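Trainee: below are the sequence and a predicted model for it; my questions follow.
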Amino acid sequence: DTAVSQTPKYLVTQMGNDKSIKCEQNLGHDTMYWYKQDSKKFLKIMFSYNNKELIINETVPNRFSPKSPDKAHLNLHINSLELGDSAVYFCASSQGGVYGYTFGSGTRLTVV
Amino acid sequence: EDQVTQSPEALRLQEGESSSLNCSYTVSGLRGLFWYRQDPGKGPEFLFTLYSAGEEKEKERLKATLTKKESFLHITAPKPEDSATYLCAPLLTDSWGKLQFGAGTQVVVTP
């Protein structure tokens, strides 16, 4: 039973398209995150939701919009995809922003 | 500005050859420090959380220690299955659940 699951695992799309990545956690955590890992392997936080409320919103283009329908789900929608959006996107969850910080297996997005 | 530096960038070890990885940080406020390992094509896998200077935690061949400005991950008698990228990430006090990752140390253990 996967604790933090993301779909799809791979996403190849053309510039200008709109795409979504879904994340679900079954750990009962109250906080979920999106991280981006670029080609240099740096992991950087993008967004964080606590009990469906947005609490971290790093300097990310407006084309990226997270949505949390409930505590167990956090989706990432990206409009007008650009070449520079190519990266691996990781979903994560934690309890209280501190405990049990667990990552999903990632979604590799390639924009061509 | 918060900074996290991991050294070395890459480490090649013979099986059984112990070594240490360093994570030094300059952050506005530290709530804890996380260590993860990441295998190619996979997400970071949790190893340890350290919360206060002087704290140590162990798991199999790995031991993590924490001081006020840095953390060490000691690998004792490594095996090829310990090959991975090891990431450290301070958890900042001024932002709910924000992990500030270092660039990682890529460890390769050869038989």
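Mentor: Perfect, thanks for sending it.
Trainee: show me what from chain B comes close to chain A.
Mentor: By Cβ under 8 Å from any Cβ of the partner chain, the residues of chain B that approach chain A are B:31-32, B:34, B:36, B:41-46, B:49, B:85, B:87, B:89, B:91, B:95-99, B:101, B:103-104. (C-beta placed from N, C-alpha, C; glycine too.)
Trainee: nearest to chain A: which residue in chain B?
Mentor: Relative to chain A, the nearest point of chain B is B:Gly97 (3.0 Å; Cβ to the nearest Cβ).
Trainee: which SSE is that residue in?
Mentor: Counting by DSSP states H and E, no helix or strand carries B:Gly97.
Trainee: for the spatially closest residue to it that is not a sequence neighbour, helix, strand, or coil?
Mentor: Here the nearest residue to B:Gly97 in space, its sequence neighbours aside, is A:Gly97; by Cβ to Cβ, 6 or more residues apart in numbering or on different chains that works out to 3.0 Å. Here A:Gly97 is recorded as coil under DSSP: H, G, I helix; E, B strand; the rest coil.
Trainee: what is the neighbour count of A:Gly97?
Mentor: Residues near A:Gly97, counting by other Cβ atoms under 10 Å in any protein chain shown, number 22.
Trainee: surely it is in contact with B:Trp96?
Mentor: Yes: between A:Gly97 and B:Trp96 there is a contact under Cβ atoms under 8 Å: 4.3 Å.
Trainee: okay, and the common contacts of these two?
Mentor: Common contact partners of A:Gly97 and B:Trp96 (Cβ atoms under 8 Å, 6 or more residues apart in numbering or on different chains): A:Thr31, A:Ser48, A:Asn50.
Trainee: list the residues that contact the first one.
Mentor: It refers to A:Thr31. Contacts of A:Thr31 by Cβ under 8 Å, 6+ apart are A:Ser48, A:Tyr49, A:Asn50, A:Asn51, A:Ile55, A:Ser93, A:Ser94, A:Gln95, A:Gly96, A:Gly97, B:Trp96, B:Gly97.
Trainee: and for A:Ile56?
Mentor: With Cβ under 8 Å, 6+ apart, A:Ile56 has these contacts: A:Tyr33, A:Ile45, A:Phe47, A:Ser48, B:Ser95, B:Trp96, B:Gly97, B:Lys98.
Trainee: the host helix or strand of the second one near chain B at all?
Mentor: To tie it back to what came earlier, the one meant is A:Ile45. Secondary structure assigned from DSSP H and E places A:Ile45 in strand A:43-50. Yes: applying Cβ under 8 Å from any Cβ, one finds strand A:43-50 in contact with chain B at A:Leu43, A:Lys44, A:Ile45, A:Ser48, A:Asn50.
Trainee: and the contacts of that strand?
Mentor: A:30-38, A:54-58, A:60, A:64, A:66, A:68, A:74, A:76, A:90, A:97, B:44, B:87, B:89, B:96-99, B:101.
Trainee: of those residues, select the buried ones using a PyMOL command.
Mentor: The PyMOL command for the buried members of those (criterion: 16 or more other Cβ atoms under 10 Å in any protein chain shown) is given here:
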select buried, (chain A and resi 30+31+32+33+34+35+36+37+55+56+64+66+68+74+76+90+97) or (chain B and resi 44+87+89+96+97+98+99+101)
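Trainee: fine by me, we can end here.
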